[in-house]
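>>> With the sequence up front, the predicted model follows.
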4 protein chains.
Amino acid sequence: MKAFVMKEIGQVGLVEKPMPQPGPLDAVVRTTAALICTSDSHTVKGGIGPRENLTLGHEAVGTVHEVGSEVKDFRRGDRVLVGAITPDWGDLASQNGYPAQSGGPLGGFKFANSKDGVFAEYFHVNEADANLAKIPDTVSDEMAVYCADMLSTGFMGAENGDIPIGGTVAVLAQGPVGLMATAGAKLRGAGLVIGVESVPSRQELARAYGADEIVDFTKEDVVERVLELTQGQGVDTAIEALGANVTFQTAVKITKPGGTISNTGYYGEGEFVNIPRVEWGVGMADKTIATGLCPGGRLRMERLLRILEAKRLDPTQMTTHTFSFDDMERAFEVADKKLEDVVKVLITF
Amino acid sequence: MKAFVMKEIGQVGLVEKPMPQPGPLDAVVRTTAALICTSDSHTVKGGIGPRENLTLGHEAVGTVHEVGSEVKDFRRGDRVLVGAITPDWGDLASQNGYPAQSGGPLGGFKFANSKDGVFAEYFHVNEADANLAKIPDTVSDEMAVYCADMLSTGFMGAENGDIPIGGTVAVLAQGPVGLMATAGAKLRGAGLVIGVESVPSRQELARAYGADEIVDFTKEDVVERVLELTQGQGVDTAIEALGANVTFQTAVKITKPGGTISNTGYYGEGEFVNIPRVEWGVGMADKTIATGLCPGGRLRMERLLRILEAKRLDPTQMTTHTFSFDDMERAFEVADKKLEDVVKVLITF
Amino acid sequence: MKAFVMKEIGQVGLVEKPMPQPGPLDAVVRTTAALICTSDSHTVKGGIGPRENLTLGHEAVGTVHEVGSEVKDFRRGDRVLVGAITPDWGDLASQNGYPAQSGGPLGGFKFANSKDGVFAEYFHVNEADANLAKIPDTVSDEMAVYCADMLSTGFMGAENGDIPIGGTVAVLAQGPVGLMATAGAKLRGAGLVIGVESVPSRQELARAYGADEIVDFTKEDVVERVLELTQGQGVDTAIEALGANVTFQTAVKITKPGGTISNTGYYGEGEFVNIPRVEWGVGMADKTIATGLCPGGRLRMERLLRILEAKRLDPTQMTTHTFSFDDMERAFEVADKKLEDVVKVLITF
Amino acid sequence: MKAFVMKEIGQVGLVEKPMPQPGPLDAVVRTTAALICTSDSHTVKGGIGPRENLTLGHEAVGTVHEVGSEVKDFRRGDRVLVGAITPDWGDLASQNGYPAQSGGPLGGFKFANSKDGVFAEYFHVNEADANLAKIPDTVSDEMAVYCADMLSTGFMGAENGDIPIGGTVAVLAQGPVGLMATAGAKLRGAGLVIGVESVPSRQELARAYGADEIVDFTKEDVVERVLELTQGQGVDTAIEALGANVTFQTAVKITKPGGTISNTGYYGEGEFVNIPRVEWGVGMADKTIATGLCPGGRLRMERLLRILEAKRLDPTQMTTHTFSFDDMERAFEVADKKLEDVVKVLITF
């Protein structure tokens, strides 16, 4: 079968690979749609260290091709969604309520990390009964595939932020995760959602997904403007959706005492992520910093699919580009170099 | 000034009363709009015991008429909303996180209970800085007045229900509190909201406020139908919004193990509210029963007003009738006897 | 091998059974110590319906006899503890945070319920890596076996009760689960623990496990006395540890507004468990009713063993009787008929 | 009356001041015992900026000398404890669940900050009914005074740390707050408490208050040793009780994915508090950072007093020095310069 791999750090390409085989609890899925993620670029640049011919990609849907002998709820032909994170459900971290951390820190993140990813004609899924979800007939593959990571991670930013009904929220950066954090904040009942973003097309998407106000950091001071919009109090919840030290610091500064900084960003460089001491109340202002990794698993995916089924949200507005898997190299280039105002690139198979 | 009172059990009418006077921390508000609540009927029927010439009503907005010497943030002329519950904020129950219970069980419920209510030309508010909220210019009195009790109580039903994003919710009865619980469930990100109701006009409102499915208990078995809609699992959250033993029992039956029954209903009769033993998992199915009284206070009201300001919701669709305060007796009759498909009756001053 | 079974409703006895076999993820454990539980009596009386030659028992420790091909962390000879509840960790209920409810309501309760129990020379454990825990050298079998159900259930009563540091707690009934709820309340930092009990030997144990006050319901009115001990406020948390309608009602009555009634009891009869309407604040006093089934799993067991290793608690004070497995019939009679001031009966193998 | 003040940055001394007067809701307390806190030294060094003749001190007990006209529950002669933090209970931050942040960040911290402190013969308390607590007869002044800050802050470290029963905890630094965090961890039911400390006398106190293991950072690598003690997993909860960047970083490193870093420390210098990026799981390891300021208020103080009344803990083991108020200058020198293995200095009046 064909697979799109990281040949070595900095080098990608389509190669031939053998078909994956399922263990007794597992499944092999035939891919029908996938999305490229910024993390794929991080990985190619060496973010998780060197790899040789590792298949990339962690956002995909497909149809079940084969299941292991112990799989009960799925069979060949089922249309399925797979979360980007596929936990080991019996692991101690899962028992502790953090399945994304099963098998060690970030250990639930297996695709394109500890095993081959989903940019291939077929891919392998561990614990199929627990990590696959059937896609309802009314939800297209092109929509469902957004649940795997974008909805799950973005919404997590909102959920971890402990937003009260009618609360105030700022979402720092309106890339795809930030946009879904914005949508998530609205879904949790925020009364004021402030999107921080400078790119006009993303500002527009932010408004479409629920931002009541846009703050352009190239034109105004974010801290000043957010305080102004909140009568000097700061927001109940600031969601970091970029993974940059400066955005993280802004998040701490604009959060009110007793509020929550909810991190979704991946920090790729530097020894430290820096908390601004004074604005953190010298450690005593009850400003909680919450973090997390994209929640995975069948229950999560079923719940996200229900959001789409109920038409609460249309994530396909983020699909700026569509390529067939044969054009994967060009597709990756567009996503990687952020060409043509790209937001998300959809791959069809 | 004129006040609409419960003269004795079963008897209401307009009477003359002296103007209220503010203590040092208090305010007197000139009423501009009010809503009649089912609780007013309960009270007149003796639900809280005998009273003599007690002014009724607990849902109102107005303008500040006079403030006490220690009040800092409000002054004469401010357009203000007052929660139905006006807690004593220093009380031990408030310090414990339950201000509605300050001064004893349900003690935050002062209006038309431990003191005169709001169906009067003027009414008194304790701890004005903590219990008043300014109404934004873009929100009308007719909208804002719904925050006092309807939004606060209905949303509480959703909040106490601990609804996960994409979760399944059933709201039992679509009176005004149930309708706002339905809206609240949607605001918390439910993926499936089931409204249980038999009256066509209320079914229609339920759909408008976010119910994805309607179950008519006069035509189908609620337990069977809800299980069917949830693939046999039951809902994550069942919200009781009627205050009847039978609805409460249904709520327990349709909730999945690990789910929450969230009560908003007032139970007016009987020695017991009955938990069905077997469907409660003989006490061991992790089905939590949460309850509460309408949250009050300035912060709550400010947050609810923000929901209206952001146009997340238009509660005035529930206003089926409008009367001037002079016609209060007829207004009360319509509400009390549930005439003319009444949902909520607005009183203008 | 020998097994102690329920032959039919009302009939028990030792019989010969074939050895259990492990599936690929499972283990077979050779039993070294077990405890008899009140639930065993319920089962024999028909509490879960008719059964034929079902092996009884769910509290046991032993050594690993055999493991399946996929088991990684355990091998023959390991001294192990097994929780009374052995969840399916990939199930949707487990993913939802309620592993005890995996496979349906109370579905994690497999031993002596949906499969043979532990009163046998050998017993089978599903998902061995996730459901076994190694016993530290410093903890004896006779101590460790108390973790399986007594510590796990009793402590759960305290944990679900959301006890604040310095809070007030009442534990209704001081049987073994109640005693461990008492110990659990102290372990969570309660400032006042009130044990309700009439049997002198159990009162004494209650004091030893942390009860600051004892209320004897045969000599005084429990509601009155608890209110007196809490300056009229009621307790932050009332833990029901008997499973009787009357005790449950008392629990609701003695809990303060904003407090929690935490249920550990199994209700074996009647159509309803009754909430006293008025003392529940007519549904509006913010009195939460929490419930649960004994948490199981390796992480839980490891944490409970750590409590014993750190000598926070000695559960063997509850062992009033010890029998060898050959005398199982007499042992069961003592426990079942509550002879000789029995608290817990230990079985050695 | 006599008061011990910060005359200017770096200068302290006893001076004469006029008696404080209570407003209608307030009280004036005659001091009977007080404790010196490290924060007093921070303040004198300019930690909160310049002040002129500001009375120092925030940990005290006494007897009520005078109450305002609206005070209901206290009267002259009552033995009372006052929390170091005396919130404004009607403030929006209090309504939001963070009374310590009322009136702005850290605004509940009034004593020796926004008004005169307690190192005086008399001191003023705002909202007396909500901020005073009666001391039970069985609790001495010398014990009760530890509740004001030491127990409240130290226990908060444990409470915010979300410690599971049987969980693993490390407390970094065993000064008085760290010692009470150690005691708090044990009170919450930790199964393993690791105290990090190098001073032998403090190590000994740590063991007395519940540390199961001591790690001496001058002799071993803290991260390595804690990982070893937790089988390579890291702790469920790390409590920072020093307020130093290096300790904070260690706390992040030794916490398991899904665990909590609970901060009690005051960070006095530097632009940033630094989160180690990689060990924080590049922002994705579900390691929450919780913070807070000493909780105050009557309910909190009553609960802490109950802990002392029930003899769960004897804080006076920390009293290494006692001086009369007349010797305040020498007392302050001992505390400030950390002479003679000082832990806490008690002042009698």
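Good, I have the coordinates.

>>> Can you tell me the number of residues neighbouring residue A:347?
By other CB atoms under 10 Å in any protein chain shown, 28 other residues sit near residue A:347. C-beta here means a position set from N, CA and C on the backbone, and glycine is covered the same way.

>>> part of a strand, is it?
Yes - using DSSP: H, G, I helix; E, B strand; the rest coil, the assignment for residue A:347 is a strand.

>>> Can you spell out which residues form a bridge with it?
residue A:34, residue A:323 (DSSP bridges).

>>> Near chain C, which residues of the stretch 201-349 of chain A are found?
Within the stretch 201-349 of chain A, the positions adjacent to chain C are A:297-300, A:302 by CB under 8 Å from any CB of the partner chain.

>>> Now intersect those residues with the helices, please.
The members of these that map onto helices under DSSP state H are A:298-300, A:302.

>>> now, which of those residues sits nearest residue D:252?
residue A:300 (26.8 Å; CB to CB).

>>> any idea how far that closest one lies from residue B:233?
The gap separating residue A:300 from residue B:233 is 15 Å, by CB to CB, to the nearest Å.

>>> In terms of packing, which of these two has more residues around it?
Neighbour count, other CB under 10 Å: between residue A:300 and residue B:233, residue A:300 has more, with 28 against 19.

>>> tally of neighbours for residue A:69?
10.

>>> Correct me if wrong: it contacts residue A:27.
No - judged on CB atoms under 8 Å, residue A:69 makes no contact with residue A:27 at a distance of 11.5 Å.

>>> Distance from stretch A:25-41 to the middle of the chain?
Taking CA atoms, centre = their mean, to the nearest Å, the mean C-alpha location of stretch A:25-41 is offset from the chain mean by 13 Å.

>>> Show me the shaky parts of the stretch 101-250 of chain A.
For the stretch 101-250 of chain A, no stretch has pLDDT under 70.

>>> Which residue is it, in it, that comes closest to chain C?
residue A:130 (3.2 Å; CB to the nearest CB).

>>> repeat for the stretch 201-349 of chain A
residue A:299 (4.0 Å).

>>> residues touching that residue, list them.
C:92, C:95-96 (CB atoms under 8 Å, 6 or more residues apart in numbering or on different chains).

>>> Give me the subset of the residues you listed lying in strands.
Applying DSSP state E to those, no entry is found in strands.

>>> near chain B, which of those residues show up?
The subset of the contacts of residue A:299 lying close to chain B, counting by CB under 8 Å from any CB, consists of C:92, C:96.

>>> The contacts of residue A:299 into TSV, with extra columns for neighbour count?
TSV is the format used below for the contacts of residue A:299 (neighbours: other CB atoms under 10 Å in any protein chain shown):
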residue	neighbour count
C:92	21
C:95	24
C:96	23
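
>>> Out of the contacts of residue A:299, the closest to chain D would be?
residue C:95 (15.2 Å).

>>> Work out for me the element the residue lying closest to residue A:154 once chain neighbours are set aside sits within.
Leaving aside its sequence neighbours, residue A:154 sits nearest to residue A:180 (CB to CB, 6 or more residues apart in numbering or on different chains; 2.4 Å). Residue A:180 is located in helix A:176-187, with elements delineated by DSSP states H and E.

>>> what's the angle between that helix and helix B:176-187?
On the basis of axes from the mean of the first three to the mean of the last three CA atoms, to 10 degrees, helix A:176-187 is oriented at 170 degrees to helix B:176-187.

>>> elements contacting helix A:176-187?
Contacts defined by 3 or more CB pairs under 8 Å, 6 or more residues apart in numbering or on different chains; DSSP states H and E place helix A:176-187 against helix A:150-160, strand A:168-172, strand A:192-196, helix A:200-209, strand A:235-240.

>>> For the stretch 51-200 of chain A, which segments count as helices?
A:92-95, A:128-131, A:141-144, A:150-160, A:176-187, A:200-209 (DSSP state H, counting those that start in this stretch).

>>> among those, which is the most enclosed?
Scoring these by mean neighbour count under mean count of other CB atoms under 10 Å in any protein chain shown gives helix A:176-187 as the most buried, with a mean of 30.

>>> and that helix, how far from the chain's centre?
11 Å.

>>> And stretch A:92-108, by the same measure?
17 Å.

>>> rewinding a little: okay, angle between the helix holding residue A:180 and helix A:200-209 too, please.
20 degrees.

>>> Next, the angle strand A:168-172 makes with helix A:176-187.
Interaxial angle, helix A:176-187 versus strand A:168-172 (the same axes, to 10 degrees): 170 degrees.

>>> what sits against residue A:161?
A:169, A:185, A:188, A:236-239, A:260, A:262, A:290.

>>> Only whichever of the residues you listed are buried, select them in ChimeraX.
A single ChimeraX command selects the buried members of those (16 or more other CB atoms under 10 Å in any protein chain shown):
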select /A:169,185,188,236,237,238,239,260,262,290
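
>>> show me what contacts the residue in the stretch 1-150 of chain A positioned nearest to chain B?
Closest residue of the stretch 1-150 of chain A to chain B, CB to the nearest CB: residue A:147 (9.4 Å). Residue A:147 sits next to A:81, A:83, A:301, A:304-305, A:308 when contact means CB under 8 Å, 6+ apart.

>>> Of the residues you listed, select the buried ones using a ChimeraX command.
Selection of buried members from those for ChimeraX, criterion 16+ other CB under 10 Å:
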select /A:81,83,301,304,305,308
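
>>> Which residues of the stretch 1-150 of chain A lie near chain D?
So the stretch 1-150 of chain A meets chain D at A:92-93, A:96-98, A:100-101, A:104-106 (CB under 8 Å from any CB).

>>> Could you pick out the buried ones from the residues you listed?
The neighbour count (16+ other CB under 10 Å) marks A:92-93, A:96, A:98, A:100-101, A:104-106 as buried among those.

>>> want to try a markdown table for these, with distance to residue A:138 as columns?
Listed next are these as a markdown table, based on distance: CB to CB, whole Å:
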| residue | distance to residue A:138 |
| --- | --- |
| A:92 | 38 |
| A:93 | 35 |
| A:96 | 36 |
| A:98 | 32 |
| A:100 | 29 |
| A:101 | 34 |
| A:104 | 38 |
| A:105 | 38 |
| A:106 | 34 |
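
>>> Contacting chain C as well, which ones from the residues you listed?
A:92, A:96.

>>> which one of the buried ones among the residues of the stretch 1-150 of chain A next to chain D is nearest residue D:174?
Using CB to CB, these come closest to residue D:174 at residue A:96, 27.3 Å.

>>> distance of that closest one from residue A:152?
On the measure of CB to CB, residue A:96 and residue A:152 end up 19 Å apart.

>>> Excluding covalently adjacent residues, which one is nearest to residue A:70?
Closest residue in space to residue A:70, ignoring its immediate chain neighbours: residue A:24 at 4.4 Å, by CB to CB, 6+ apart.

>>> if I look at that neighbour, how far off is residue D:324?
77 Å.

>>> wait, what's in contact with residue A:29?
A:60, A:62-65, A:80, A:82, A:122-125, A:132.

>>> among the residues you listed, which ones are buried?
Using 16+ other CB under 10 Å as the burial test, the contacts of residue A:29 include A:60, A:62, A:64-65, A:80, A:82, A:122-125, A:132 as buried.

>>> restrict the residues you listed to contacts with chain C.
Applying CB under 8 Å from any CB to the buried ones among the contacts of residue A:29, none is adjacent to chain C.

>>> Quick check: the two most widely separated of these?
So for these, where distance means CB to CB, the most widely separated pair is A:122 and A:132, at 14.1 Å.

>>> Residue ranges of each domain in chain A, please.
A:2-149+A:294-348, A:154-290 (automatic domain parsing).

>>> Now do the last one: distance to the chain's middle.
Its chain's average C-alpha position is 16 Å from that of domain A:154-290, according to CA atoms, centre = their mean.
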